[in-house]
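**Q** quick one: sequence and predicted model below, then my questions.
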Amino acid sequence: LSQAAGACSVAGAPSTTTLAGPTTWIHGVGGTFEATVTDGATGNVTLSGLPGAHLSATIDAGKATFNVPAATPAGDYSLVARFAGDSAFGTSSSAPAALNVTKAGSSISASVASTAYGAAKTLRITTKGVGSAAATGQVRITGAGTTRTVNLVNGAATVAYPRTLAVKGHNLTVVYLGNN
């Protein structure tokens, strides 16, 4: 009598996974990506390509929705959705989807009260980031014979100018340098 033993694995039916979402969004806003998996597939899909841990979402009616965090840093990403398979379907991965997260816009305002010669002059700067959030980082002030770079604290900065600043109108330019 002859006898043979061997391992046998049964593969599930082929599956497909596609990934759709915006190609660009602004840091601080966030967004969603949606993976579509073969009809009837169950379980989870993972999303890779973002900083940090992979995101995971449960398949519901053939779709898995990923909420990508608003805190995702500005940069270019290549995202891939991967279905790990279930009892009926084998694994599959989407084609890479490109995502560009851009830096958030900001607004800036600056004011200085008119003062008499010999009195201190103070420039007050305020900034806003996404929504009503205070911007962080630095601003550069050019004019009145100098260039200064100052750090923002809670979205604001104050710059003192000398009491001996010449009597005349001074044009000051304030530029928000952003943050990393």
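**A** Yep, that arrived.
**Q** tell me where this protein is predicted with low confidence.
**A** By pLDDT under 70, the weakly predicted segments of the chain are 1, 8-11, 130-132, 180.
**Q** for burial, what's the neighbour tally of Ile125?
**A** Burial of Ile125, expressed as a neighbour count using other C-beta atoms under 10 Å, amounts to 21. Using the backbone N, CA and C atoms, a C-beta is placed for each residue, glycine as well.
**Q** heads up, I number from 9, so please use that
**A** Right, with 9 as the first residue, what we last looked at is Ile133.
**Q** show me what it bridges to in the sheet.
**A** In this structure, Ile133 has the following beta-bridge partners (DSSP bridges): Ala118, Ala165.
**Q** distance of it from Thr24?
**A** Using C-beta to C-beta, to the nearest Å, one gets 54 Å for the distance from Ile133 to Thr24.
**Q** then Val161?
**A** Taken as C-beta to C-beta, the spacing of Val161 relative to Thr24 amounts to 52 Å.
**Q** looking at these two, which is more packed in?
**A** Ranked by neighbour count (other C-beta under 10 Å), Val161 and Thr24 place Thr24 first, with 14 against 10.
**Q** residue contacts, that one?
**A** Contact criterion C-beta atoms under 8 Å, 6 or more residues apart in numbering gives 45-46, 100 as the residues in contact with Thr24.
**Q** please apply the same query to Ala65.
**A** Applying C-beta under 8 Å, 6+ apart, one finds that Ala65 lies in contact with 43, 52-53, 55, 72-74.
**Q** okay, and the beta partners of it?
**A** According to DSSP bridges, beta-bridge pairing links Ala65 with Val53.
**Q** on that earlier part again, quick one: which of the contacts of Thr24 sit in strands?
**A** Within the contacts of Thr24, residues falling in strands by DSSP state E are 45, 100.
**Q** before we move on, the earlier item: of the contacts of Ala65, which is the nearest to Ser64?
**A** Lowest distance from Ser64 to the contacts of Ala65 (C-beta to C-beta) belongs to Asn52, with 5.2 Å.
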